[in-house]
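Participant: fold the following.
(one chain, ligands or ions: 1)
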Amino acid sequence: MSSDNDEQNSKRKGLGYFRSKDPLVYIGIIVLIMGIAFTVYGFVPINTPNYQRIPQPVYISITNGTQGFISADQAAIIAKPLFNGTADNVVCFSGSPDYTCYGEIFTGMVTVTSNSAKEYGGAMDAVGIAAFYLGYMYEPLTLKKRELHSIRIRVDEDICIANAVCVELAPKVFQLKKQNTPSLLAPLAYVVDPFGASNDEILQAAQMCPTGAIIIEDEETGERIHPPLPNG
Ligand code: SF4
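Facilitator: Coordinates of the predicted model:
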């Protein structure tokens, strides 16, 4: 086995992903991510108009002789002329029996951040962490190895005839060695990336190798997969 193959195949070890059977773990992760997003949004500066309230309010009846009950927006339209042109904006709050309407004077744009987004984000982070922790207590995360990459591949350079069939079938896995100096010897194949194709594609390339130079073994057990051993 060449050192190149050893090095490439060693990268297979430890490949995998964490999983838990408890959905609370995933719910917790999702809520936590959403909470972080809200929190980050809460720190984004936003330009917004700023108004200064005129201390003295006006009062508008919540009923109108022709329209019946009126909304706060309608009350604001009615109230605006009553500020004698000094109010740039009017907001009304319902009361009984009148709306209390305040005139506001525009003072310019200000930069603010969203405290409510920060609070929602913080609360969601807490809920997400709690859900993750509870789920983890019931079903801890375990490392699930990728079955797709449970094989070990190497090229037997003693019998490779460098016809590049494997390179054509799985070019991301096999390549021919580059020759920096002119040589009568053909460049041999080697494993450039053991994750460059599925196991089926790699096995097919090995089966098409005319000399059986591509050797595939089970990474866990070391058992020969291809080519089959004489008595296997
Ligand atoms: S198909 Fe086999 S003989 Fe041909 S280059 Fe690949 S490993 Fe070598």
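
Participant: stretch 194-201 and the ligand in contact?
Facilitator: No - counting by Cβ under 6 Å from any ligand atom, the ligand has no neighbours in stretch 194-201; the shortest distance is 13.5 Å. Any C-beta I mention is one placed from the backbone N, CA and C, and that applies to glycine too.

Participant: the longest helix along the chain - contacts with which helices or strands?
Facilitator: Determined from DSSP state H, the single longest helix within the chain is helix 115-138. Counting by 3 or more Cβ pairs under 8 Å, 6 or more residues apart in numbering; DSSP states H and E, the packing neighbours recorded for helix 115-138 are helix 23-42.

Participant: what mean pLDDT would you report for the helix it packs on?
Facilitator: Helix 23-42 shows an average pLDDT of 91 in the prediction.

Participant: that one: which residues count as buried?
Facilitator: Within helix 23-42, the residues scored as buried using 16 or more other Cβ atoms under 10 Å are 24-25, 27-29, 31-32, 34-35, 38-39, 42.

Participant: between helix 115-138 and the following helix or strand past it, find me the angle.
Facilitator: Counting by DSSP states H and E, the element after helix 23-42 in chain order, helix or strand, is strand 46-53. With axes from the mean of the first three to the mean of the last three Cα atoms, to 10 degrees as the basis, strand 46-53 and helix 115-138 are set at 130 degrees to each other.

Participant: strands paired with the helix or strand hosting Ile60, and their directions?
Facilitator: Assessed by DSSP H and E, Ile60 sits inside strand 58-61. Applying DSSP bridges to the sheet, strand 58-61 is found paired with strand 98-112 (antiparallel).

Participant: which other residues reach the partner strand?
Facilitator: Strand 98-112 has contacts (Cβ atoms under 8 Å, 6 or more residues apart in numbering) with 45-54, 57-62, 72, 75-76, 79-80, 82-83, 86-93.

Participant: repeat that with 7 Å
Facilitator: Outside of strand 98-112, the residues within contact range by Cβ atoms under 7 Å, 6 or more residues apart in numbering are 45-54, 57-62, 72, 75-76, 79, 83, 86-93.

Participant: got the domain boundaries for the chain?
Facilitator: 3-14+148-226, 23-44+114-140, 46-112 (automatic domain parsing).

Participant: end-to-end on the shortest one?
Facilitator: What it means is domain 23-44+114-140. Counting by Cα to Cα, to the nearest Å, you get 11 Å between the two ends of domain 23-44+114-140.

Participant: tell me if I'm right that Tyr51 and Asn89 touch.
Facilitator: Yes - the pair Tyr51 / Asn89 is scored as a contact, 5.7 Å apart, by Cβ atoms under 7 Å.

Participant: re earlier: can you flag the buried ones in the contacts of strand 98-112?
Facilitator: 51, 57-58, 60, 62, 75-76, 79, 83, 87, 90-92.

Participant: just those: which has the poorest pLDDT?
Facilitator: Least confident by pLDDT among the buried ones among the contacts of strand 98-112: that is Ile62, with 86.

Participant: spit out the contact partners of that residue.
Facilitator: By Cβ under 7 Å, 6+ apart, the contact list for Ile62 reads 69-70, 94, 97-99.

Participant: rerun at 6 Å
Facilitator: Contacts for Ile62 (Cβ atoms under 6 Å, 6 or more residues apart in numbering) come out as 69, 97, 99.

Participant: same question for Phe83.
Facilitator: Counting by Cβ under 6 Å, 6+ apart, Phe83 has contacts Gly103.

Participant: mind checking how far it is from Pro55?
Facilitator: Applying Cβ to Cβ, to the nearest Å, the value for Phe83 to Pro55 is 12 Å.

Participant: appreciated, that's everything.
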